[in-house]
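# Need coordinates for the below:
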Amino acid sequence: MSEIKTNFQLWIAKAILAAVALGAAFWYCSTVSVTMNDVITTIAKTPLAIVVLIELIDKFVDMNDIYAKFYIATSKVSDIDNTAKQTAMALGLALVAFLGIVWALTGTFTLSLGTLTPGVLIVSALYAIYILAPETGQAELILYIWLGSTLATKFQYVTLIPPIPGLTT
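From the prediction side, this is the model:
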C-alpha cells in the first residue's frame with residue numbers, strides 16, 4: 001500500500017511540475033511573441049530520427065518509472081528519511097533531466113536550422129516536458145504532432161537524421 005501512495009505522490013508532483021513548466025514555456029511564448037507558425041515550422045524541421053528518439057526515451061522513462069526508483073533509493077540513505085526531502089530530490093532529478101534534454105534538443109535544432117530562435121527553445125522545452133510528464137509513454141503523441149506539422153508545411157522540411165558536422169550528404 002505504501003508503494004501505491006509513493007507512486008501517487010510522485011505522479012502528482014510530476015504533474016504539477018509539468019504544468020508549471022508548461023506555464024513557464026507559454027509565458028515565454030507570450031513575452032517574445034512566438035507565433036504558431038514558428039512552432040509548427042520548428043516541429044516540422046525536427047529530424048525523424050529525433051522524433052523517434054524522443055518517443056523511445058519517453059517510453060523508457062515511463063516504463064521504468066525512473067523517479068520512483070530514485071525516490072525509493074533515497075529512502076535507503078540513513079539521513080534522508082523525510083518524504084518531503086525524497087520528493088524534492090526526485091523533482092530535482094526531473095529538473096536536471098529537463099534542462100539536459102532542452103540543452104541537447106536545442107543544440108540539435110541549432111545544428112539542423114543553423115540558428116537559435118525562441119521557437120526552437122519553445123519546441124525543445126515542449127519535447128522535454130513531454131518526456132518528463134507522467135503517463136505519456138503509452139501513445140506516440142510527438143510523432144502524431146510531427147506528422148501533422150509535416151503535412152501542414154507540405155513536407156518541405158522532412159529530414160531523416162540531423163546533420164552531422166563534418167559530413168556532407
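
# Tell me the pLDDT of T108.
In the prediction, the pLDDT value recorded for T108 is 75.

# Number of residues surrounding L91?
Using other C-beta atoms under 10 Å, L91 has 17 neighbouring residues. (Glycine included, C-beta is placed from N, CA and C.)

# no no, T110
Applying the criterion other C-beta under 10 Å, we find 14 residues in the vicinity of T110.

# can you pull the contacts of it?
Listed by C-beta atoms under 8 Å, 6 or more residues apart in numbering, the contact partners of T110 are 116, 120.

# Tell me the buried residues in the host helix or strand of it?
Following DSSP states H and E, one finds T110 within helix 83-113. Of the residues in helix 83-113, those buried by neighbour count under the rule 16 or more other C-beta atoms under 10 Å are 86-87, 89-91, 93-94, 97-98, 101-102, 105-106, 108-109, 112-113.

# so A128 touches F98, yeah?
Yes: counting by C-beta atoms under 8 Å, A128 does reach F98; the two are 5.1 Å apart.

# okay, and the common contacts of the two?
With C-beta under 8 Å, 6+ apart applied, the overlap between the contact sets of A128 and F98 consists of A21.

# chain center to the helix holding T110: distance?
Here the centre of mass of C-alpha atoms in helix 83-113, compared against the chain's by C-alpha atoms, centre = their mean, to the nearest Å, lies 8 Å away.

# After that helix, heading C-terminal, what element do we hit next?
Following helix 83-113 in sequence order, the next helix or strand is helix 118-132 (DSSP H and E).

# what is the orientation angle of the following helix or strand past that following helix with helix 118-132?
Counting by DSSP H and E, the element after helix 118-132 in chain order, helix or strand, is helix 141-152. Angular relation of helix 141-152 and helix 118-132 on a 0 to 180 degree scale: 150 degrees, by axes from the mean of the first three to the mean of the last three C-alpha atoms, to 10 degrees.

# what mean pLDDT does helix 141-152 have?
94.

# low-confidence ranges in the chain?
When the per-residue scores of the chain are filtered using pLDDT under 70, the ranges that remain are 1-7, 64-83, 112-113, 165-169.

# Report the central residue of this structure.
A128 (1.3 Å; C-alpha atoms, centre = their mean).
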